[in-house]
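*Asks:* Give me the fold of what follows.
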Amino acid sequence: MNKKLNHCIFGSFGDNIYALCTMKMLGGGDLYVKLNYLDYHCRHIVGFVNGAGPHAGRLTKQDYDFMLPLLEHQDYIDTVSVWNGEHIDADIEGAWKYHIPKGWQGNVTESYAMTLGMDIHDWEIKRKLLYDPWLTPVEPIRIPGKPIVVNRTDRYLQHSDGEGWKNWTNNHLGELGVFVGSEKEHHNFQEYFKIKIQYYKVGDMLEMARLVQGCEMFLGNQSLAFSLAVGLGKSYWCEIYETVPTPHGGYGDVWFPRHNGFYF
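*Replies:* Numbers count the residues shown, from 1 in each chain. Next up, the predicted model:
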């Protein structure tokens, strides 16, 4: 039997969800979370003058506690713990080397895969990176009369004036949808589009995943909630914040060419 590997994550919530894809592909194992490391990595390893920008300070112990129930639910993760110097076999830190000096080589899952030595042009590997869900299904939460889960973060809005949302905001989205994310994001969404939409405050990432699992469609932009929709294989519409050229002609780091995935 092959030895299971030690894996690590340290990025934003969404990046961590995408990192689980390659972890599953490599057979799972133990997962270590590096706390308070992202800004150091961006500033001193990647070379960003402003460090992690809006993600500075992540991941905190509070972030870890928020993620933990969903991480422990994954059937390919044996144990989850805070990193304390343990040896890491599958280290995703090098993923940024494909983003920065070499330009975009694919989306987030593909960049992580290349970092770990995978051939992303092999069809079986590509299928798992782009087409197959990788999150272990969760018990769905379904809200009667609310088939759409909505989220729009205050980040990743470059070159987007929200015009593409009007197809939904003008057609009963407020009645059919439920909004997840921060209270500030919910407030800004209602103010910007001049609609009222129910807000669902989740206690942790597992509860958010359960709500996404139970919806018929996810509607949003690049965010944790979107990464959960992709990881669970749900139907989605994703607002594009800017077009980043990629070898496959897609839409940058969160492009997945699925039959039930759409971009606007």
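*Asks:* what's the neighbour count on the closest residue to residue 255 other than its chain neighbours?
*Replies:* Among residues not flanking residue 255 along the chain, residue 107 sits closest, at 5.2 Å (C-beta to C-beta, 6 or more residues apart in numbering). Glycine gets a C-beta too; all of them are placed from N, C-alpha and C. By the criterion of other C-beta atoms under 10 Å, residue 107 has 25 neighbours.
*Asks:* right, and the secondary structure at the closest residue to residue 264 other than its chain neighbours would be what?
*Replies:* Leaving aside its sequence neighbours, residue 264 sits nearest to residue 164 (C-beta to C-beta, 6+ apart; 4.0 Å). Following DSSP: H, G, I helix; E, B strand; the rest coil, the label given to residue 164 is helix.
*Asks:* Tell me how far residue 164 lies from residue 239.
*Replies:* To residue 239, residue 164 is 6 Å away according to C-beta to C-beta, to the nearest Å.
*Asks:* Am I right that the residue nearest to residue 264 is in contact with residue 263?
*Replies:* No - counting by C-beta atoms under 8 Å, residue 164 does not reach residue 263; the two are 9.3 Å apart.
*Asks:* list residues touching both of these two?
*Replies:* Residues touching both residue 164 and residue 263 by C-beta atoms under 8 Å, 6 or more residues apart in numbering: residue 239.
*Asks:* Neighbour count: residue 164 and residue 239, which is higher?
*Replies:* Set residue 164 next to residue 239 and count neighbours by other C-beta under 10 Å: residue 239 wins out with 21 against 14.
*Asks:* I'd like the distance between the more buried one and residue 117.
*Replies:* For residue 239, the distance to residue 117 equals 33 Å [C-beta to C-beta].
*Asks:* State the distance from residue 150 to residue 139.
*Replies:* Distance from residue 150 to residue 139, by C-beta to C-beta: 21 Å.
*Asks:* Residue 6 now?
*Replies:* From residue 6 across to residue 139, the span is 29 Å (C-beta to C-beta).
*Asks:* Those two: who's more crowded?
*Replies:* residue 6 (18 against 10).
*Asks:* Wasn't that one part of a strand?
*Replies:* Yes - counting by three-state DSSP, residue 6 is located in a strand.
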